[in-house]
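A.B. asks: all I have is the shape, not the residue letters:
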């Protein structure tokens, strides 16, 4: 079954035209201009996120604190607590949210491209269930999982995610080929098994149920520089791998057989993207819990706005994912201040209506 | 201030312990209860359940199933121990409770509960509509939700004592608890504003607001709870709010999850908090302060020592 679709054209000029048709952004003609604008939007979101919070610190003070801490400029005439709030709590929190948002978004775009399935998201082939099981094992085992430097939770979640994806991929692969449908079905089965194991552990240790639930809902309220450092390498390498594969992902959208005939090493691209996206997602999930929706919807939104070319889709998804999650987290810690709301609730609550509006507005094939 | 229960309670407890031990030698066959003497006259007892329905108990129950750790503690404390045939998995105090038939209050199994053949079933929550299910089977169900205040605890102590046929012991226990609580309050009579406190339930900063049961301890202690103004009874605070509100004492109820004064001190940015600077981070046994049972007086005294070491040496 093959749907008629506009082939992505490998010419940047023609692409910009296609993008312009999808979403007229005044004054932005070139692909580079769009990327610069996206970068500026990310920076603006970071600044906004750092300057807003339940504690009222003025924007200029926040900027002066940042300048003082990062560049040694100016003089410190603010309460010590404000400096800690801005530098040790808000900034790592905002950066982690942005990093996780970007990671989920490019991983989602990568999975959707490789599996050629619009319902694919970074959690589809086992990352979420595996990470959840890993985290649950630590949470119910009674092993101390303190917030300090020796926390076992992120490594356990990471290992769980990697193991689950490896099983899915290993089961689906035979004779050097991992057919998409087999891979998805294997992922669904592995996820179901891991989820049941997790549910069993929760039921059998229900005094820990609240901790597990809190972890599953996800969030950034325990963000630290250390966690940013844990995710960053995986995100960078993963993003680089998916970006490098972008042109091949474009060709792959034709048809796997045709792509093969055109000289695309289909299975190798698939493996590179799956490994890169899975490792990056596993790292993101291990520090933030399971934040839904971002990895699924952001790439689709970007497609609607700026077209199907993966060379633009991947970087724009990263930017939009980062901005989206930074703003969602800002809402999560503001609306019920001084309390928190799980960020996953915000992403679904705000993201879904916006996406539906986009769908209605464009009325064209999303995938 | 009396630190020890009166002699009568001690005797009854000893008797309860002896009978419970004897009972577990007989394959957990619930021991025949000693006939509640004067209490028999107190029946029938009519009480209002947490769902608003009235419950009339015709005579002193011989076999009680307690699916609430707090109720279990109360029943043992008023001398109803010999009547307890079954408890839930969370009922770990006193230890003899663990020698009764064990039931699950979190995933209640109606068949297992009915199988105990208790003539009084005590439930603290209506998980999976288990209350209606047991009502429908004609069981005698006392549904009592966790009270919001420490006064509410004393009410439930009396109520549980009356329904189990130990009204007098219940009055005595409630009075003793009240005496201990008032003794603490008396020592704080001249305190205008106590220390700012943060009570940590877990390491994602869930805490207790003043309108929660645990929060009531701090109200009695005149402490200034930093979660004041939060929209729910058990809110999750942001870290920046905790830093900004600068608690003078931090009480950790999450030691079993690996948190300790050391891990709190190691948290990035927390060095600015007064409690961290002045080394006033303390661990408390969450069962004593979060279980609305007879040990709340003990919990209050413990917290008083942590908050006002100079007044409670």
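C.D. replies: Thanks, I have the structure now. These numbers were taken from a predicted model, which means no experiment stands behind them. Numbering: from 1, shown residues only, chains lettered A, B, ... in the order given.

A.B. asks: measure how buried the closest residue to chain A within the stretch 151-300 of chain B is and give me the count.
C.D. replies: Nearest to chain A in the stretch 151-300 of chain B, going by Cβ to the nearest Cβ, is residue B:258, at a distance of 2.6 Å. For every residue, glycine as well, the C-beta is placed using N, CA and C. A count of nearby residues for residue B:258, using other Cβ atoms under 10 Å in any protein chain shown, gives 18.

A.B. asks: can you pull the phi/psi pair for it?
C.D. replies: phi 100, psi 0 (degrees, to the nearest 10).

A.B. asks: number of nearby residues for residue A:111?
C.D. replies: Neighbours around residue A:111, by other Cβ under 10 Å: 29.

A.B. asks: what of residue A:200?
C.D. replies: Residue A:200, neighbours per other Cβ under 10 Å, totals 11.

A.B. asks: per-residue confidence for it?
C.D. replies: We have a pLDDT of 92 for residue A:200.

A.B. asks: show residues contacting whichever strand or helix holds residue B:133.
C.D. replies: Residue B:133 belongs to helix B:130-136 when assigned by DSSP states H and E. Here helix B:130-136 makes contact (Cβ atoms under 8 Å, 6 or more residues apart in numbering or on different chains) with B:51, B:108, B:110, B:113, B:114, B:121, B:123, B:126, B:141, B:143.

A.B. asks: among those, which are located in helices?
C.D. replies: Those of the contacts of helix B:130-136 mapping onto helices are B:110, B:113, B:114, per DSSP state H.

A.B. asks: of the residues you listed, list those near chain A.
C.D. replies: Applying Cβ under 8 Å from any Cβ of the partner chain, the subset of the ones in helices among the contacts of helix B:130-136 adjacent to chain A is empty.

A.B. asks: need the three-state assignment for the closest residue to residue A:358 other than its chain neighbours.
C.D. replies: Counting by Cβ to Cβ, 6 or more residues apart in numbering or on different chains, residue A:304 is the residue found nearest to residue A:358 once chain neighbours are left out, at 5.0 Å. Per DSSP: H, G, I helix; E, B strand; the rest coil, the secondary structure class of residue A:304 is helix.

A.B. asks: what about residue A:304, neighbour count?
C.D. replies: 21.

A.B. asks: hey, which helix or strand in chain A has the poorest pLDDT?
C.D. replies: Among the helices and strands of chain A, helix A:12-22 carries the lowest confidence by mean pLDDT, DSSP states H and E, at a mean of 41.

A.B. asks: tell me which helix or strand comes right after it.
C.D. replies: Helix A:12-22 is succeeded, C-terminally, by helix A:31-51 (DSSP H and E).

A.B. asks: please name every helix or strand in contact with that following helix.
C.D. replies: Judged by 3 or more Cβ pairs under 8 Å, 6 or more residues apart in numbering or on different chains; DSSP states H and E, helix A:31-51 is in contact with helix A:12-22, helix A:59-71, helix A:91-115, helix A:310-334.

A.B. asks: what's the helix or strand for residue 276?
C.D. replies: With no chain named, the answer covers chain A. Short version: residue A:276 belongs to helix A:266-288, going by DSSP H and E.

A.B. asks: wrong chain, I was asking about chain B
C.D. replies: Per DSSP H and E: helix B:274-277 holds residue B:276.

A.B. asks: follow-up on the earlier one: gap between the residue nearest to residue A:358 and chain B?
C.D. replies: According to Cβ to the nearest Cβ, to the nearest Å, residue A:304 and chain B sit 34 Å apart.

A.B. asks: out of the contacts of helix B:130-136, which are buried?
C.D. replies: Buried subset of the contacts of helix B:130-136 (neighbour count, 16 or more other Cβ atoms under 10 Å in any protein chain shown): B:108, B:113, B:114, B:121, B:123, B:126, B:141, B:143.

A.B. asks: neighbours of the closest residue to the third one other than its chain neighbours, how many?
C.D. replies: Looking back up the chat, that one is residue B:114. Nearest-residue entry for residue B:114: residue B:137, 6.1 Å, with adjacent residues in sequence omitted and distances by Cβ to Cβ, 6+ apart. For residue B:137, the neighbour count with other Cβ under 10 Å is 12.

A.B. asks: next: residue A:357.
C.D. replies: Residue A:357: 10 surrounding residues under other Cβ under 10 Å.

A.B. asks: check which helix or strand covers the residue lying closest to residue A:282 once chain neighbours are set aside.
C.D. replies: Spatial nearest neighbour of residue A:282, excluding adjacent residues (Cβ to Cβ, 6+ apart): residue A:161 at 3.5 Å. According to DSSP H and E, residue A:161 maps onto helix A:153-172.

A.B. asks: I'd say residue A:323 and residue A:41 touch.
C.D. replies: Yes - applying Cβ atoms under 8 Å, one finds residue A:323 in contact with residue A:41, separated by 5.5 Å.

A.B. asks: and the gap between residue A:154 and residue A:227?
C.D. replies: 7 Å (Cβ to Cβ, to the nearest Å).

A.B. asks: residue contacts, the residue most central in space within chain A?
C.D. replies: Chain A has residue A:104 as the residue nearest its centroid, 1.4 Å off, counting by Cα atoms, centre = their mean. By Cβ under 8 Å, 6+ apart, the contact set of residue A:104 is A:122, A:281, A:284, A:291, A:294, A:295, A:298, A:321, A:325.

A.B. asks: show me which of those is closest to chain B.
C.D. replies: Closest to chain B, out of all of these and judged by Cβ to the nearest Cβ, is residue A:291, at 14.5 Å.

A.B. asks: mind checking how far that closest one is from residue A:215?
C.D. replies: On the measure of Cβ to Cβ, residue A:291 and residue A:215 end up 11 Å apart.

A.B. asks: who has more neighbours, those two?
C.D. replies: Just comparing residue A:291 and residue A:215: by other Cβ under 10 Å the higher neighbour count belongs to residue A:291, 28 against 22.

A.B. asks: quick check: phi and psi on the more buried one?
C.D. replies: Residue torsions, per degrees, to the nearest 10, at residue A:291 are phi -100, psi 110.

A.B. asks: so how far is residue A:196 from it?
C.D. replies: 22 Å.

A.B. asks: over to residue A:209?
C.D. replies: 16 Å.

A.B. asks: more neighbours, the two?
C.D. replies: Between residue A:209 and residue A:196, counted using other Cβ under 10 Å, residue A:209 has the larger neighbour count: 16 against 12.
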